[in-house]
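Trainee: Build me a model:
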Amino acid sequence: AQHQSGKSASAVVADGANSGAPRKGHLESSNHYSIDTSLHPVEDESDEPKSAPSSGPFANGASPDLAFVKDALTPGVLCSKCKLGKNGTREGEIGNPTEISILRASYFSGIDIDTLKSEQPFHAEVPFSSEYKFMATIHDAGDADTFTVYVKGAPDRMVKLCSQQARGGVLSDLEPCDTNYWIEKIAILSSHGLRVLALCQGTVP
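Mentor: The predicted model follows:
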């Protein structure tokens, strides 16, 4: 991210997010969830005061508990066809490295992946497409009236589809989605060469 060093956060956002497109002298990018370089904040001309970012349930610098980590990673575990290697290693693993990293993070966080999958049986799938840059799986989470949908995809596409966000990362406490907040975070992270992936969930009848 040398090209962004010394720039302010607003300047990085103004440049837009990195796309993952191949550069001269570099191998072609394998990130099929690459970000649209046209991603920029949405103009808001309203006079309403902007609310401060939601604080999380943990003190600054404190580690979240397993329940919080499980909620955060569940979409990435269930919305995946990847196979984790033996004991969390690369031995026998199958799948995209970016997606495998989610399974590995879950495994080493103490999440029982097999149990999680058995608790929410797979019902249907919307396969990944380079046109809309996300995949979705539908699961029976035990609710008699609805199915739970888990989605994994390019964050610039996902943020435009979301109407709500979890306040402080707590799924039981929802608030309107702050699109510009997420656009800023996506641009800053991707400008440092990091692969950014959005994990979302919702319900359908």
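
Trainee: contacts, neighbours, all on C-alpha from now
Mentor: Will do.

Trainee: next structured bit after the helix or strand bottoming out on mean pLDDT in the chain?
Mentor: Least confident helix or strand of the chain, by mean pLDDT, DSSP states H and E, is helix 9-15 with a mean of 56. Toward the C-terminus, helix 9-15 is succeeded by helix 66-78 as the next helix or strand (DSSP states H and E).

Trainee: Whichever helix or strand comes after that following helix vs helix 66-78, what angle?
Mentor: Counting by DSSP H and E, the element after helix 66-78 in chain order, helix or strand, is helix 97-108. Angle, helix 97-108 to helix 66-78, by axes from the mean of the first three to the mean of the last three Cα atoms, to 10 degrees: 140 degrees.

Trainee: which residues sit against helix 97-108?
Mentor: For helix 97-108, the surrounding residues in contact (Cα atoms under 8 Å, 6 or more residues apart in numbering) are 31, 69-70, 73, 76-77, 80, 82-84, 88-89, 93-94, 112-113, 195.

Trainee: let's go with 6 Å and repeat that
Mentor: With Cα atoms under 6 Å, 6 or more residues apart in numbering as the test, helix 97-108 has contacts from 77, 88.

Trainee: quick check: mean pLDDT across the helix or strand hosting Asn180?
Mentor: Secondary structure assignment for Asn180, by DSSP H and E: helix 179-191. For helix 179-191, the mean per-residue pLDDT is 93.

Trainee: CA atoms only: put that helix into PDB for me.
Mentor: The C-alpha trace of helix 179-191 is given here as PDB (Å, rounded to 0.1, in the frame of the first residue of the first chain):
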ATOM      1  CA  THR A 179     -23.600   3.000   3.800                       C
ATOM      2  CA  ASN A 180     -20.900   5.700   3.800                       C
ATOM      3  CA  TYR A 181     -19.300   4.300   6.900                       C
ATOM      4  CA  TRP A 182     -18.800   0.900   5.200                       C
ATOM      5  CA  ILE A 183     -17.700   2.500   1.900                       C
ATOM      6  CA  GLU A 184     -15.000   4.300   3.800                       C
ATOM      7  CA  LYS A 185     -13.800   1.200   5.700                       C
ATOM      8  CA  ILE A 186     -13.800  -0.900   2.400                       C
ATOM      9  CA  ALA A 187     -11.700   1.700   0.600                       C
ATOM     10  CA  ILE A 188      -9.200   2.000   3.500                       C
ATOM     11  CA  LEU A 189      -8.700  -1.700   4.000                       C
ATOM     12  CA  SER A 190      -8.400  -2.500   0.300                       C
ATOM     13  CA  SER A 191      -6.000   0.400  -0.200                       C
END
